[in-house]
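Visitor: Make a model of this:
(one chain, ligands or ions: 2)
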Amino acid sequence: MLSVAEYLDLVLDSVSELPPMEMPISDVNGCVLAQDIYARWPLPSFDNSSMDGYAVIASDLVNASEGSPIALPVIDDIPAGFKSVETLRSGQAIRIMTGAPTPAGADSVIPIESTDGGSEVVVIRASVVPGSCIRREGEDVKAGDLVLPQGTFIGPRQIALIAAVGHGVISVIPKPRVAVLATGSELVEPGTELKFGLISDSNSFLVTAIANDSGAAAYRLPPVQDDEETLIQILEDQVHRADLIITTGGVSMGAYDPVKSAFLKLGTAQFHKVAMQPGMPQGFGSIGQPAIPIITLPGNPVSAYISFETFIRPAIRKMRGLKQLQRPQHSATLIGELRSPINKVQFARARYITQGQVELVGTGQGSHVLGGLAQADALVVIPVGVDSIASGEQVEVIDVRGELS
Ligand code: AMP
Ligand code: MG
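Guide: Numbers count the residues shown, from 1 in each chain. Ligands and ions are numbered 1, 2, ... in the order given. The predicted structure is shown next:
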């Protein structure tokens, strides 16, 4: 039997960061940068107005006020995207919109709210400090600046910067393409009537959703019967489409479990017992040429979920080029008492009452208890060597509410 840490190391060693790809920036949200991003031009790239108003010379308006407004002829009009050929001289104004280049000769912009909005002549009711309402070229970013180094996680705010400094296609570590396949002759598509002895496939939906949440481009395949030949055919097909294959079911000690034999025929695989509850039977390996990694999860849905959180989320994050692979743990008070196998780590499903307090959910901790899993937003981690926890004790908790970025 391997410890959770030992098995996690084996799984992580079996996957690698994906090679970089050139991608349009519309598709890079959630990817890791595989290149440095330099500014092709300054930001702003020209002096421009931060307000709709009038470009003026501040010294013309020193005496302007509500009580004694000053009227100036308007000699031009500059919408955003255009520039004026005029040079502003003392005693003149040019109407200007937000984002338009400030004209030569102007040293400030007076907001439209301090004027009558005139188009031939403007009446101005306030003075202005020189430089006001002008966004200066390069005040944000200088041309040639390294704005984002390789290895940066790209979210929406980073994408905006990359676009602004002039890059439409960039090199990133792509999202791993993950094929999800549930195995078991008892499985039918949800929504169809169940004949006695059959169940709805829930694992493949769970695993596809959580794989997408953890930053993969995951897709679900229809469930496959416990039949080695069919399984081999489907897996061979996926080798050319996926960067990682995840299967559920068929890896325990059952007489009709075809996953082990199929994997061994297609490539290499290791099957282990891991000292955890739920989720003891685990397996991983690689199939195809070039070889792609494959990870098998136990069939019980709660086991599949816990195993995903424990092993596959870190593996996907490694493939994505991220450095932090695991969700953090924090301590909290457990409400409810719990027994735990002394030689295994137990991951008990719980729910936050407050950030510092969790309570157990569901009708026990069986690995089939999906009703309880759906109520859970925390996992209580009971380490090896502990066989019971009393209500009110401090425990280690994994917060599974949000996503790591
Ligand atoms: P196995 O790992 O194939 O021995 O399955 C263990 C338990 O999980 C059995 O009760 C299965 O019926 C159940 N199970 C297996 N696959 C799924 C699935 N895709 N969705 C829901 N339950 C499953
Ligand atoms: Mg089975």
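
Visitor: Where does the stretch 51-200 of the chain get nearest to ligand 1, which residue?
Guide: Distance from ligand 1 to each residue of the stretch 51-200 of the chain (C-beta to the nearest ligand atom) is smallest for Ala182, at 3.4 Å. To be clear about C-beta, it is placed using only N, CA and C from the backbone, and glycine gets the same treatment.

Visitor: what residues does the chain put near ligand 2?
Guide: Within the chain, the positions near ligand 2 by C-beta under 5 Å from the ion are Gly184, Gly249, Gly250, Gly299.

Visitor: Where helices are concerned, which of those residues count?
Guide: Of the residues of the chain next to ligand 2, none are assigned to helices by DSSP state H.

Visitor: which residues of the stretch 201-350 of the chain fall in strands?
Guide: For the stretch 201-350 of the chain, the strands defined by DSSP state E, counting those that start in this stretch cover 217-220, 244-248, 267-273, 276-277, 281-287, 292-297, 329-335, 338-339, 345-354.

Visitor: Does ligand 1 have contacts with the second one?
Guide: Yes: Strand 244-248 comes into contact with ligand 1 when judged by C-beta under 6 Å from any ligand atom, the residues involved being Thr248.

Visitor: Using CSV, write down the CA coordinates of that strand.
Guide: What follows is strand 244-248, C-alpha atoms only, in CSV (Å, rounded to 0.1, in the frame of the first residue of the first chain):
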residue,chain,number,x,y,z
LEU,A,244,-4.7,12.9,-21.0
ILE,A,245,-7.3,10.1,-20.7
ILE,A,246,-9.2,9.6,-17.5
THR,A,247,-11.3,6.5,-17.0
THR,A,248,-13.6,5.6,-14.1
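
Visitor: packing partners for it?
Guide: Applying 3 or more C-beta pairs under 8 Å, 6 or more residues apart in numbering; DSSP states H and E, we find strand 244-248 packed against strand 177-182, helix 203-213, strand 292-297, helix 313-319.

Visitor: mind running it again at 6 Å?
Guide: For strand 244-248, the packing partners by 3 or more C-beta pairs under 6 Å, 6 or more residues apart in numbering; DSSP states H and E come out as strand 177-182, strand 292-297.

Visitor: is the last one anywhere near ligand 1?
Guide: I take that to be strand 292-297. No: for strand 292-297, no contact with ligand 1 is found by C-beta under 6 Å from any ligand atom; the gap never falls below 8.4 Å.

Visitor: what's next to that strand, contact-wise?
Guide: Here strand 292-297 makes contact (C-beta atoms under 6 Å, 6 or more residues apart in numbering) with 14-15, 239, 244-248, 251, 259, 283-287, 304, 307, 312.

Visitor: hang on, the earlier thing: specify the beta-bridge partners of the residue of the stretch 51-200 of the chain closest to ligand 1.
Guide: When assigned by DSSP bridges, Ala182 has beta-bridge partners Thr248.

Visitor: Next one: it, what pLDDT does it get?
Guide: Looking at Ala182, its pLDDT is 97.

Visitor: Please name the residues that touch the closest residue in space to Gly371 that isn't next to it in sequence.
Guide: Excluding its sequence neighbours, the residue lying closest to Gly371 (C-beta to C-beta, 6 or more residues apart in numbering) is Gly362, at 5.9 Å. For Gly362, the contacting residues are Arg349, Val369, Gly371, Gly372, by C-beta under 6 Å, 6+ apart.

Visitor: Pro101 too?
Guide: Residues in contact with Pro101 (C-beta under 6 Å, 6+ apart) are Phe46, Asn48, Lys83.

Visitor: Do I have it right that the second one meets Arg135?
Guide: Yes: using C-beta atoms under 6 Å as the test, Asn48 is close enough to Arg135 to be in contact (5.4 Å).

Visitor: Looking at those two, which has the bigger crowd around it?
Guide: More crowded of Asn48 and Arg135, by other C-beta atoms under 10 Å: Asn48, with 22 against 18.

Visitor: Tell me which residue of this structure is furthest from the middle?
Guide: Distance to the chain centre peaks in the chain at Ser68, reaching 57.0 Å (criterion: C-alpha atoms, centre = their mean).

Visitor: quick one: pLDDT of the residue nearest to Gly371?
Guide: Value for Gly362, per-residue pLDDT: 80.

Visitor: Count the neighbours of the closest residue to ligand 1 within the stretch 151-300 of the chain for me.
Guide: Nearest residue of the stretch 151-300 of the chain to ligand 1 (C-beta to the nearest ligand atom) works out as Gly299 at 2.4 Å. Gly299 has 25 neighbours, counted by other C-beta under 10 Å.

Visitor: Hmm, it is touching Thr247, no?
Guide: No: judged on C-beta under 6 Å, Gly299 makes no contact with Thr247 at a distance of 9.6 Å.

Visitor: Show me which residues of the protein sit near ligand 1.
Guide: Contacts of the chain with ligand 1, taken as C-beta under 6 Å from any ligand atom, map to 182, 184, 186-187, 199, 201-204, 248-250, 252, 254, 298-301.

Visitor: What's the PyMOL syntax to select whichever of those are buried?
Guide: In PyMOL syntax, the buried subset of the residues of the chain next to ligand 1 is picked out as below (16 or more other C-beta atoms under 10 Å):
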select buried, resi 182+184+186+187+201+202+203+204+248+249+250+252+298+299+300+301
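
Visitor: wait, what's in contact with the residue of the stretch 151-300 of the chain closest to ligand 1?
Guide: Listed by C-beta under 6 Å, 6+ apart, the contact partners of Gly299 are Thr248, Gly249.
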